[in-house]
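Engineer: how does the following fold in three dimensions:
(chains A and B)
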Amino acid sequence: MSNELDFDELLSKYKSDPFAYVDIFSVHTGRVSFKAAVGQEVASASGEWQQIPGTALYEINRERNPRLVNAQVNGIVANINTELEGQFVEAGVQLMTIKHPLKKKEIIEIILKDVLFLFPAPESAKYFFAMDIQSRIDKKGARAVTIEPGEEIFTMSLMKRDTPVYYKGERGVIHSVYFKPGLSVGQGEPLLGVCAPEKLPLIQKIITRVKAEWDTEH
Amino acid sequence: MAENHPNPRAVLQQLRRELLRQDTPVQYNKEEIVRYGAFVGSAIECHEQLPRAMDYARGKIDICAGNGRAISSGSVFLADEMSLCRGRFRRTWHAPRGGVWGCMVFANTLLPQWRSFIPLTAGVACCQAVREICEVPSHLRWVNDVLVGGRKVAGFLVESYTETRHGEEFALVGFGINVNNSSFPVELEGTAISLTQILGKNIDLTEFTTIFLAKLAFNFGILLHEEARDLRGDGFSGGQGRHLLLDRWLDLSDTLGKRVLYGFDVMTAPQYQAEVMGLDPSGGLILRLVDGSVKTEHSGEIRYLG
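Structural biologist: All right, here's what the predicted structure looks like:
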């Protein structure tokens, strides 16, 4: 839980260096061929349905099956492990780093992720709220909805196979919703940010402070 | 007694007839497939009425677990009519007397990458059954809608269920096939149709269901058979090294090349128009959007345009 001292330090860190350094890892084993260069500007997927792929970062070839991996964030390529060019790598090897400029909203979310309990997507799929939860959100708004461990909160949908997803985490209110029905969420990415009701004033304080300090400085 | 009353022996006999078919030039091991698929319909319960087959199946799974047993994988629960059926999202499902309504319980032993083929399996089985019994040109619309003349004869939904006592995972394969029912709610008139409306006569429900379950067994056999081949490093049995189930799906489908409207919930929130370019190896639909970009969707629904 953030206290005044940690929060000041955190905010000061983002003010002096308002970037996220996003490491890019090999998605599976294979031979790597880089498609971007250090200093190059890269863009994430775009289009209303994310149908325009991001800038090509690298290609990885396993058993004559090449796979092109595209940028998922905007930014500048800060570093490439060029010694891996043409080499066979295992899955999960760090290949490059993208320096991504953080917007105010992203900084708020990053700080909040220290305070909120993040409930992750169990698989790469599309998600929608369970009917009961959706009704409660429609009636009262997400932040008035309390969820309990073991409660069915999502339906995970893949190829018309619907799987109920049960909440595992702290009892709390839904503060942040990180997905949209109809858009895929990767495995492990956060679906919800949940917090105990008594933490809501702290969270509001964080948001207000970041907005105020960010607006004066940037 | 329920009007629709297939029995496991008849399903098995029908399944064995698949060994005699010569319906494809592709060579594959039918005996092995039949052995793999024979569990489907090994236990069948027939009811005159149920609220919802999937809910009933969940209850049976839990009862078995509570008694220290596991439900037989392949158990089928049928009802002549169902009163509380629902589809995806907030949709209701119309299930009056005359149709084939039910659910098959599959103990999910498939590796994760093949589980998304389970919904395809049900659609393939039904489309094959309709073609065989009714001799009408039925087709599959991605993912698994069975259409005749552009109108929907059957729909399928798979729900995963993890039994609470031991954590065993099941796939509940729900099916709804319009056979002898001939009236539909106003919102479905024009989009739904039954086999009796197409043929102008009633069909023996028990015979149709027996054939459908046998086809379901054979296609589940294909799923397990192809997984085993993949694990052995033998590759798939379909044409050009494709998964055999995808081959069969492509043979039955008219989706490729169509202009479609796509949406996660296409009825209430359609998202975009596209042209269907193909199917990827995992069954995902490859779409070319109006701006020329290409996207593969693994969830959602389509409706044909024009």
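Engineer: pLDDT weak spots in chain A?
Structural biologist: A:1-5, A:215-218 (pLDDT under 70).
Engineer: so what's the residue count around B:Gly149?
Structural biologist: Per other Cβ atoms under 10 Å in any protein chain shown, the neighbour tally for B:Gly149 reads 11. For every residue, glycine as well, the C-beta is placed using N, CA and C.
Engineer: same question for A:Pro122.
Structural biologist: The burial count for A:Pro122: 17, using other Cβ under 10 Å.
Engineer: just give the number of residues close to the residue lying closest to B:Thr162 once chain neighbours are set aside.
Structural biologist: Distances taken as Cβ to Cβ, 6 or more residues apart in numbering or on different chains put B:Glu169 closest to B:Thr162, at 5.0 Å, once the chain neighbours are dropped. For B:Glu169, the neighbour count with other Cβ under 10 Å is 14.
Engineer: what distance do you get for B:Glu169 to A:Gly188?
Structural biologist: B:Glu169 sits 20 Å away from A:Gly188, going by Cβ to Cβ, to the nearest Å.
Engineer: repeat that for B:Leu216.
Structural biologist: From B:Leu216 over to A:Gly188 the distance is 34 Å, taken as Cβ to Cβ.
Engineer: out of those two, which sits in the more crowded spot?
Structural biologist: More crowded of B:Leu216 and A:Gly188, by other Cβ under 10 Å: B:Leu216, with 28 against 10.
Engineer: and chain A, which residues reach chain B?
Structural biologist: A:47-53, A:123, A:125-126, A:128, A:131, A:157-164, A:181-182, A:184 (Cβ under 8 Å from any Cβ of the partner chain).
Engineer: among the residues you listed, which ones are in strands?
Structural biologist: Judged by DSSP state E, the subset of those located in strands is A:Lys126, A:Phe128, A:Ser157, A:Leu158, A:Arg161, A:Asp162, A:Thr163, A:Pro164.
Engineer: centroid residue for chain A?
Structural biologist: Centroid-nearest residue in chain A, with Cα atoms, centre = their mean: A:Glu189, separated by 5.6 Å.
Engineer: correct me, but it touches A:Ala121?
Structural biologist: Yes: look at A:Glu189 against A:Ala121 with Cβ atoms under 8 Å: they come within range, at 5.3 Å.
Engineer: re earlier: how about the ones in strands among the residues of chain A next to chain B in TSV, adding neighbour count?
Structural biologist: Output for these, formatted as TSV (neighbours: other Cβ atoms under 10 Å in any protein chain shown):
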residue	neighbour count
A:Lys126	21
A:Phe128	21
A:Ser157	22
A:Leu158	23
A:Arg161	24
A:Asp162	21
A:Thr163	21
A:Pro164	14
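Engineer: that older thread, pretty sure the residue nearest to B:Thr162 sits against B:Arg115.
Structural biologist: No: applying Cβ under 8 Å as the test, B:Glu169 and B:Arg115 come out as separate, 9.4 Å apart.
Engineer: what residues do these two have in common as contacts?
Structural biologist: With contacts taken as Cβ atoms under 8 Å, 6 or more residues apart in numbering or on different chains, B:Glu169 and B:Arg115 have B:Asn108 as neighbours in common.
Engineer: how about the strands in the stretch 1-150 of chain B?
Structural biologist: B:44-50, B:76-82, B:100-107, B:138-141, B:145-148 (DSSP state E, counting those that start in this stretch).
Engineer: of those, flag the one that's most buried.
Structural biologist: The highest mean neighbour count among those, using mean count of other Cβ atoms under 10 Å in any protein chain shown, belongs to strand B:100-107: a mean of 26.
Engineer: which strands or helices does it pack on?
Structural biologist: helix B:53-66, strand B:76-82, strand B:169-177, helix B:205-232 (3 or more Cβ pairs under 8 Å, 6 or more residues apart in numbering or on different chains; DSSP states H and E).
Engineer: for B:Ile302, find the nearest of those.
Structural biologist: Judged by Cβ to Cβ, the one of the helices and strands packed on strand B:100-107 that comes nearest to B:Ile302 is strand B:169-177, at 19.0 Å.
Engineer: give the other helices and strands that the closest one contacts.
Structural biologist: Secondary-structure packing of strand B:169-177 (3+ Cβ pairs under 8 Å, 6+ apart): helix B:53-66, strand B:100-107, helix B:118-134, strand B:151-162, helix B:205-232.
Engineer: adding distance to B:Asp280 and mean pLDDT, write these out as CSV.
Structural biologist: Below are these laid out as CSV (distance: least, Cβ to Cβ, whole Å; pLDDT from 0 to 100):
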stretch, distance to B:Asp280, mean pLDDT
helix B:53-66, 29, 95
strand B:100-107, 24, 97
helix B:118-134, 13, 95
strand B:151-162, 19, 94
helix B:205-232, 16, 96
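Engineer: return the most buried member of those.
Structural biologist: The highest mean neighbour count among the helices and strands packed on strand B:169-177, using mean count of other Cβ under 10 Å, belongs to strand B:100-107: a mean of 26.
Engineer: neighbouring strands of that one in the sheet, and parallel or not?
Structural biologist: Paired neighbours of strand B:100-107 in the sheet (DSSP bridges): strand B:76-82 (antiparallel), strand B:169-177 (antiparallel).
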